[in-house]
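>>> Prediction below, plus the sequence it came from.
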Amino acid sequence: MDNLKEEIKKEENEDFSGNYIEKFQDNNAEEFFSGNLLSWEKQQDSFLFHGERATLQITVVSADILKFRHGNDGNFDDDFSYAIDPSFKPEKPRYKFEDLKNTFVIKTELLKCYITKSNLSTRISTLDGTPVLEDEKGYHWQDHKYYGGTINICTKVLHEGEKFYGLGDKTGRLNLIGTKRELWGTDCYGYGNDTDPVYKNIPFYMGQHSHIGYGIFMDNTFRSFFDFGKERSSVCSFWNQGGEMRYYYIHGPKLIDVARKYALLTGRPQLPPKWALGYHQSKWSYYPESVVRKLGEEFRSRKIPCDVIHLDIDYMDGFRCFTWDKDKFPNPARMIEDLKEQGFRTVVIIDPGIKIDKDYEVYQQGMKGDHFCQRMDGALLKASVWPGLCHFPDFTKKTTREWWATLFKGLVADGVDGVWNDMNEPATFEEGTFPNDVRHDFDGHSGSHRKGHNVYGSLMAQATCEGQKKFMKDKRPFTISRSAYAGVQRYASVWTGDNMATWEHLKLANIQCQRLAASGVSFAGSDVGGFIGSPDGELYTRWIQMAVFHPFFRTHSSGDHGDKEPWKFDKKYVDIVRQFIEMRYELLPYIYSVFHNHSLTGTPMVRSLHLEGHIDPETFYREEEFFLGDHIMICPVSEPELKSRRMYLTSGQWYNYWTDELVQGGVEITVDTPLNQIPIFIKQGAIIPKQPKMQFVDEFVFDQLALDCYKPIATTKSSVYEDSGDGYDYLRSEGYVIKSFKSTIQNDEWVITQQLEGLYDSSYQLYQLRLHGLESKPTKLEVDNIDLLDQSVFENGVLIVELPKSFKKVIII
Ligand code: MIG
């Protein structure tokens with residue numbers, strides 16, 4: 001066996017992880033450049049600059065997005081992308097083109113792009129001439145001696161003080177400066193701060209210097225590398241090991257704009273079912289049925305809110321996907337229905353490997369339909385995962401995705417509400433992943449696993465999402481994926497994989513979620529408490545407190561280091577954990593509204609400080625503090641026994657959530673962090689909608705929505721989005737409502753106005769207005785011209801009053 005391995009290795013001239021490429025890169029292999037301009041032409045919004053050895057195509061996608069393609073010998077690949085959102089239709093751009101002596105200039109309403117005639121190098125600047133992104137050597141390539149094709153490289157000038165962000169789920173510092181990163185999705189059990197590559201492959205990064213932020217999205221699925229000044233401190237480079245150099249330049253100027261525009265380009269998620277934003281409980285694995293039922297009872301009897309229970313691989317019959325182990329789960333439909341009656345949704349795991357078993361229907365169908373991946377000589381790929389030897393669907397083939405979707409019929413009929421895709425890097429036990437020679441259809445643009453690997457996981461998630469949709473009819477699907485390519489957010493949420501129960505991992509989880517959000521994937525979370533190992537009560541509590549503010553909120557653990565249900569810790573921890581999960585439920589109207597805004601505008605839900613801070617240098621290196629939506633800023637506690645911690649409050653004024661104290665931002669502050677608090681700040685002027693505590697989403701119909709209104713300094717806008725929380729009615733105006741609030745100070749009067757869009761009539765009739773930040777009881781409280789001061793109470797500095805949800809204007813003096 002080992003000999004055979006050696007031979008294959010020799011034949012392929014690499015170790016199985018493909019590491020020879022590293023050597024190859026350092027080989028001083030000959031580099032080729034585009035050469036002098038020979039001719040140019042214009043086709044629609046694209047300019048083609050033909051050089052001696054390569055053609056550069058620049059397309060003006062919009063005023064702020066330029067697309068670059070480099071075709072060696074003048075040839076381009078098929079311009080096919082799994083990442084670009086098919087519904088992305090920017091306004092037709094207006095631009096000017098100039099043919100100068102030594103350069104061409106493309107000028108849009110936001111930027112200028114210069115193309116040098118002597119070597120086809122490019123340079124982008126703002127309209128006022130501030131350089132943003134300039135080629136160093138620019139585009140060049142090496143011949144790929146082992147596989148044919150080319151290694152395509154772009155090198156750019158790295159500016160003094162430049163900072164880099166993005167790149168999906170990468171570990172390490174939030175600012176990527178000084179590091180080199182690789183994209184080749186890997187099952188990295190117990191990864192750490194230095195592990196690279198990890199699970200996801202999102203070839204998008206943002207850079208910022210001179211107060212201008214921009215983004216680069218290299219739309220290429222081959223193994224890719226990014227170097228942010230590691231090899232040479234004055235150079236930022238990115239390269240891929242095949243296909244074509246194709247990348248998008250996205251102009252800010254703020255980083256938050258770049259992140260938003262990238263999300264528009266690669267797609268936004270549809271709204272998830274509201275319950276998916278509740279608390280999830282998972283373990284590898286809860287079985288048999290009696291254990292799952294008991295789990296549900298424990299949550300309810302201990303009054304710890306929970307919406308979702310996850311079933312890991314042991315629910316299956318011998319790990320065969322789409323089956324149930326009938327000994328452990330004799331009647332899954334009944335169990336799921338009973339759970340549903342208690343307000344629990346059931347999510348099940350599905351892996352890509354299909355067991356080679358003649359008596360197994362999924363295997364039979366896969367064989368018959370020609371759905372499994374083949375090696376180059378035609379034999380089917382065989383590799384081991386949990387069920388033993390398996391074949392693997394080629395998710396890059398449309399008919400295979402369609403077939404995969406049909407397989408969810410049974411699970412959906414059983415009542416399953418969501419599906420969790422694991423091992424889709426793809427991971428295998430023998431060599432970690434598929435051999436490079438495996439063939440992929442790539443939707444008619446066929447290639448080997450070198451080209452298919454990095455997108456395999458996303459396409460599995462896509463097929464899984466479509467399968468649920470197909471059978472759930474009027475319900476929204478919910479999919480979770482471990483691996484991903486750019487654009488995965490259109491189909492799935494993600495989690496950060498097999499992390500560990502350490503304080504360092506709590507920090508890392510936070511960085512990964514922020515980074516993912518900046519890379520188009522807001523709906524992300526970590527295994528709370530760590531997958532591997534056992535957190536102590538304090539670590540678990542601190543992790544829960546942070547994860548309340550991460551969009552995907554799930555405790556999961558490997559199960560072989562003891563239990564990790566909230567009540568497994570000492571009572572003092574359990575009480576705090578309960579209180580924080582309750583807070584998540586109280587904040588659901590806010591979180592759901594933030595999600596809606598993300599799905600509409602692409603603006604990330606979770607935002608690192610630098611995305612908002614932009615030109616404030618203090619924000620550039622902050623990596624623990626983050627925003628959830630526009631109005632809440634959080635800073636987790638990431639060390640044991642911390643009685644207080646320092647954090648940076650961004651500019652503007654903020655209310656301490658716990659004390660209502662108004663604090664001036666733009667400075668580092670010290671905040672008390674007793675075990676039952678983490679720093680939470682609310683932006684002045686914000687209106688935060690809150691619902692009553694519940695044990696699960698929609699546990700009961702409530703009759704008042706609380707609006708926590710924080711006194712503004714000038715004018716602050718807030719909005720609340722509501723719909724039925726599931727289904728597709730929200731796509732029509734009867735099915736949703738957006739309540740836009742403006743809170744403002746005018747001549748010493750505090751005025752709050754409300755405007756509605758959409759006709760959805762939420763079941764409550766009243767708001768409970770809670771006015772924070774008042775020094776004393778006001779003398780007047782006028783709601784649509786009626787004075788309600790008599791009906792209000794003033795308690796602990798908060799004025800509370802009930803009023804009809806249809807109010808238009810409140811005046812407080
Ligand atoms: O080889 O399904 O990351 O969440 O519990 C391990 C068992 C496979 C890895 C996932 C983890 C899951 C586990 N899986």
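Thanks, I have the structure now.
>>> When you work out contacts or count neighbours from here on, use the C-alpha atoms and nothing else.
OK.
>>> pretty sure residue 66 is touching residue 262, no?
No - counting by C-alpha atoms under 8 Å, residue 66 stays clear of residue 262, with 12.0 Å between them.
>>> shared neighbours of these two, anything?
In terms of C-alpha atoms under 8 Å, 6 or more residues apart in numbering, residue 66 and residue 262 are both contacted by the residues residue 250.
>>> between these two, which one's more packed in?
More neighbours surround residue 262 than the other of residue 66 and residue 262, with 31 against 22 (other C-alpha atoms under 10 Å).
>>> these two touch, right, that one and residue 251?
No - counting by C-alpha under 8 Å, residue 251 is not a contact partner of residue 262; they are 9.7 Å apart.
>>> between these two, what contacts are shared?
Residues touching both residue 262 and residue 251 comprise residue 215, with contact defined as C-alpha under 8 Å, 6+ apart.
>>> Can you show me the helices along the stretch 401-550 of the chain?
Counting by DSSP state H, counting those that start in this stretch, residue ranges of the helices within the stretch 401-550 of the chain are 409-414, 449-472, 503-518, 537-547.
>>> Quick one: the ones you listed as CSV, columns for distance to residue 102, mean neighbour count and mean pLDDT too.
Rendered in CSV, the data for those read as follows (distance: least, C-alpha to C-alpha, whole Å; neighbours: other C-alpha atoms under 10 Å; pLDDT from 0 to 100):
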stretch, distance to residue 102, mean neighbour count, mean pLDDT
helix 409-414, 62, 16, 98
helix 449-472, 38, 25, 98
helix 503-518, 38, 26, 98
helix 537-547, 55, 25, 98
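>>> which one of those lies closest to the ligand?
Of all the helices of the stretch 401-550 of the chain, helix 449-472 sits nearest to the ligand, with 13.1 Å by C-alpha to the nearest ligand atom.
>>> Does residue 406 touch residue 467 like I think?
Yes - with contact taken as C-alpha under 8 Å, residue 406 and residue 467 are classed as touching, separated by 5.9 Å.
>>> what's the model's confidence in the helix or strand where residue 165 lies, averaged?
Counting by DSSP states H and E, the element that carries residue 165 is strand 163-166. For strand 163-166, the per-residue pLDDT values average out at 96.
>>> How about the secondary structure of residue 74?
coil (DSSP: H, G, I helix; E, B strand; the rest coil).
>>> what's the spacing between it and the ligand?
As for residue 74, its distance to the ligand is 44 Å (criterion: C-alpha to the nearest ligand atom, to the nearest Å).
>>> Counting neighbours, what do you get for that residue?
For residue 74, the number of neighbouring residues by other C-alpha under 10 Å comes to 17.
>>> what sits against it?
For residue 74, counting by C-alpha under 8 Å, 6+ apart, the contacting residues are 50-51, 53-55.
>>> And residue 138, by the same measure?
For residue 138, counting by C-alpha under 8 Å, 6+ apart, the contacting residues are 121-122, 153-156.
>>> Mind giving me the packing neighbours of the strand holding residue 165?
Contact analysis of strand 163-166 by 3 or more C-alpha pairs under 8 Å, 6 or more residues apart in numbering; DSSP states H and E lists strand 204-209, helix 503-518 as its packing neighbours.
>>> what about the first one, average pLDDT?
Along strand 204-209, the predicted confidence averages to a pLDDT of 96.
>>> ok now that strand, how far from the chain's centre?
The chain centroid and the centroid of strand 204-209 are separated by 17 Å under C-alpha atoms, centre = their mean, to the nearest Å.
>>> next structured bit after it?
Scanning forward in sequence from strand 204-209, with DSSP H and E defining helices and strands, the next element found is strand 212-218.
>>> Show me where the stretch 101-250 of the chain has its strands.
Assigned by DSSP state E, counting those that start in this stretch, the strands in the stretch 101-250 of the chain fall at 103-107, 111-116, 122-126, 131-143, 150-157, 163-166, 180-183, 200-201, 204-209, 212-218, 224-228, 235-240, 245-251.
>>> Touching, residue 721 and residue 739? I think so.
Yes - with the criterion set as C-alpha under 8 Å, residue 721 and residue 739 qualify as a contacting pair; they are 6.4 Å apart.
>>> who's more crowded, the two?
When neighbours are counted by other C-alpha under 10 Å, residue 721 and residue 739 differ, and residue 721 comes out ahead with 23 against 20.
>>> In a strand, the more buried one, correct?
Yes - if the criterion is three-state DSSP, then residue 721 is within a strand.
>>> what bridges to it?
residue 738 (DSSP bridges).
>>> separation between it and the ligand?
32 Å.
>>> next one: residue 254
Distance from residue 254 to the ligand, counting by C-alpha to the nearest ligand atom: 35 Å.
>>> Could you report the neighbour count for that residue?
If you count neighbours by other C-alpha under 10 Å, residue 254 ends up with 20.
>>> Name the nearest residue to it, ignoring sequence neighbours.
residue 213 (5.3 Å; C-alpha to C-alpha, 6 or more residues apart in numbering).
>>> Next up, identify which helix or strand residue 782 is on.
Taking DSSP H and E as the criterion, the element that holds residue 782 is strand 781-783.
>>> could you say what helices and strands the very next helix or strand once past that strand packs with?
Per DSSP H and E, strand 781-783 leads on to strand 786-787 as the next helix or strand towards the C-terminus. In terms of contacts (3+ C-alpha pairs under 8 Å, 6+ apart), strand 786-787 is not packed against any helix or strand.
>>> How about the residues of the stretch 301-450 of the chain by the ligand?
For the stretch 301-450 of the chain, the residues in contact with the ligand (C-alpha under 6 Å from any ligand atom) are 312-313, 422.
>>> let's go with 8 Å and repeat that
Taking C-alpha under 8 Å from any ligand atom as the test, the list of the stretch 301-450 of the chain residues beside the ligand reads 312-313, 349, 385-386, 422-423.
>>> Next step: the residues you listed restricted to helices.
Using DSSP state H, the subset of these located in helices is empty.
>>> With neighbour count as added columns, please give the contacts of residue 138 in CSV.
What follows is the contacts of residue 138, written out as CSV (neighbours: other C-alpha atoms under 10 Å):
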residue, neighbour count
121, 21
122, 23
153, 22
154, 19
155, 19
156, 21
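>>> wait, which of these is closest to residue 374?
Here the nearest of these to residue 374, counting by C-alpha to C-alpha, is residue 153; it sits at 30.2 Å.
>>> Give me the neighbour count for the residue lying closest to residue 653 once chain neighbours are set aside.
Nearest in space to residue 653, with sequence neighbours left out and distances taken as C-alpha to C-alpha, 6+ apart, is residue 664 at 4.7 Å. Using other C-alpha under 10 Å, residue 664 has 14 neighbouring residues.
>>> So which bits of the stretch 451-600 of the chain are right by the ligand?
Taking C-alpha under 8 Å from any ligand atom as the contact definition, the stretch 451-600 of the chain meets the ligand at 482, 497-498, 527, 531, 556-558.
>>> State the pLDDT value of residue 6.
Residue 6 is assigned a pLDDT of 55 by the prediction.
>>> and if you look at residue 617?
Listed pLDDT for residue 617 reads 89.
>>> now swap in residue 159 and tell me
At residue 159 the predicted local confidence, pLDDT, stands at 97.
>>> hang on, it packs against residue 212?
No - under the contact definition of C-alpha under 8 Å, residue 159 does not touch residue 212, with a separation of 11.4 Å.
>>> which residues sit in contact with the most centrally placed residue in the chain?
For the chain, the residue nearest the mean C-alpha position is residue 521 (1.8 Å; C-alpha atoms, centre = their mean). For residue 521, the contact set (C-alpha under 8 Å, 6+ apart) comprises 168, 488-489, 493-494, 604.
>>> Identify, from these, the entry nearest to the ligand.
Distances from the ligand to the contacts of residue 521, taken by C-alpha to the nearest ligand atom, are shortest for residue 494, at 11.0 Å.
>>> Run a quick neighbour tally on the residue lying closest to residue 398 once chain neighbours are set aside.
In space, and not counting its chain neighbours, residue 398 is closest to residue 443: 6.2 Å by C-alpha to C-alpha, 6+ apart. The criterion is other C-alpha under 10 Å. On that basis, residue 443 has 15 neighbouring residues.
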